[in-house]
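J.: give the three-dimensional model of this entry:
(2 chains, ligands or ions: 2)
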Amino acid sequence: MDITTISSFSKEDLEKALKRIKRSIWVYHINTGGCNGCDIEILDVLTPWFDVERFGIKLVASPRHADLALVTGPITIKTLPRVVKALRAMPRPRLVLAIGSCAVGGNIWFESYSTIGGFYKILDKLHELGVEIDKIVYVPGCPARPEAIIYGVALLLGLVKQKVHYVRKKA
Amino acid sequence: MVKFVKIIPIALKVGTVTRKYPFERPLITESFRGAIEVDPVKCTGCGACTRICPPKALSLIREGETLILRYFVGKCIFCGMCADICPEKAIAITKEFELASENLSELNVDVEHELKKCVKCGATFVSTKLLNKVRSQVEALPDDIAELCPNCRRLEILKRFTGGR
Ligand code: SF4
Ligand code: SF4
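T.: Residues are numbered from 1 along each chain as shown, chains lettered A, B, ... in the order given. Ligands and ions are numbered 1, 2, ... in the order given. Modelled structure (predicted):
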């Protein structure tokens, strides 16, 4: 059976949806073969120390309930089908936060035989499979600090301005 | 149930522990390493950092007649090895960690270097800055040979030894 997704999801719809979930965003955590460093930092974010529930960020157990997927790890070949399945199960708008060097650029596994090496590399494949990702925010860090993760979510929701920009300097 | 009640006096004693992060300064210790920064004035484009970098976050790219030292924050593991190895001490470790971006290309920082052209064949072979530095340090380097690319230099020296035949 073919699972079809809503393909007519315009930019205005995304903005409207983002506005609606600004005060309460539900997250689902997918570890795609990372070392657990970033996972512990995500756990940190959820503990009373950083307590992200004060921003309405809540961890849910099923991708079907989630607005945002927290992806950590370089996506190993073995986890790839599960990642695609989990992302497909998410309702639109499908938001992704790629956390840590592994998920952003592949870290030291960027050209390993058993890993894909970064979330950006499977974007085309996901598009081909009809799993559209509406917005991605990349959070570098090895592991990403809890503060960096909170900052990433805030950037995704449009609460803060992006700090880093492409620079070209002359020597 | 009784066990749970025991927590209440402890919680009352400890009070609120939650960090108010966006509204207060994050806890950054002295040993914390964030993104690196390449000083374009000091950097000579030698490429030592690109060889030591474990995930190849630093890379040298040739773009026509410019050499680009590209730093891609997305791959960096903040190990600080590049800062240790750099012979010019051009790399500084900053405390920056709010690096989130919606676009991967925004995570790049480029440092442009001018490439030196071989006076004989016109091929580019080394950044002008590095050549000047080597020339200032190695006195025995003859001027006519210094501006040749490695290949032409080999041929030139061979020619001299064989007497121009
Ligand atoms: S090691 Fe230092 S001088 Fe050499 S390319 Fe890297 S930053 Fe520049
Ligand atoms: S800190 Fe480590 S990973 Fe980052 S650029 Fe330097 S050598 Fe590469």
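J.: only C-alpha atoms for contact and neighbour calcs from this point on.
T.: OK.
J.: can you tell me which residues in chain A are near chain B?
T.: Proximity of chain A to chain B, by CA under 8 Å from any CA of the partner chain, involves residues A:48-51, A:101-102, A:104-110, A:135-142, A:145, A:147-148, A:151-152, A:155-156, A:162-171.
J.: which among the residues you listed count as buried?
T.: Neighbour counting over the residues of chain A next to chain B (16 or more other CA atoms under 10 Å in any protein chain shown) leaves A:50-51, A:101-102, A:104-110, A:136-142, A:145, A:147-148, A:151-152, A:155-156, A:162, A:164, A:171 as the buried ones.
J.: do the biggest strand by length in chain B and chain A come into contact?
T.: Taking DSSP state E as the criterion, chain B has its longest strand at strand B:108-117. Yes. On the criterion CA under 8 Å from any CA, strand B:108-117 is in touch with chain A at B:N108, B:V109, B:D110, B:V111, B:E112, B:H113, B:E114.
J.: let me have the residues you listed in CSV, extended by pLDDT.
T.: Shown next, in CSV, are the residues of strand B:108-117 next to chain A (pLDDT from 0 to 100):
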residue, pLDDT
B:N108, 91
B:V109, 91
B:D110, 92
B:V111, 92
B:E112, 91
B:H113, 91
B:E114, 89
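J.: could the residues you listed be laid out in TSV, adding neighbour count?
T.: Shown next, in TSV, are these (neighbours: other CA atoms under 10 Å in any protein chain shown):
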residue	neighbour count
B:N108	18
B:V109	22
B:D110	23
B:V111	22
B:E112	23
B:H113	24
B:E114	20
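J.: pull the most distant pair out of these.
T.: Greatest spatial distance among the residues of strand B:108-117 next to chain A (CA to CA): B:N108 and B:E114, at 19.2 Å.
J.: in stretch B:151-165, which residues are buried?
T.: With burial defined by 16+ other CA under 10 Å, the residues of stretch B:151-165 counted as buried are B:C152, B:R153.
J.: so which residues make contact with that stretch?
T.: By CA atoms under 8 Å, 6 or more residues apart in numbering or on different chains, the surrounding residues in contact with stretch B:151-165 are B:K120, B:C121, B:I145.
J.: what residue ranges in chain B score low on pLDDT?
T.: Counting by pLDDT under 70, chain B has low-confidence residues at B:164-165.
J.: quick one: the helices in the chain?
T.: Defaulting to chain A. For chain A, the helices defined by DSSP state H occupy A:11-21, A:37-46, A:80-89, A:100-105, A:123-128, A:146-156.
J.: nope, chain B
T.: Using DSSP H, helices in chain B cover B:2-14, B:48-52, B:81-85, B:128-137, B:143-146, B:150-161.
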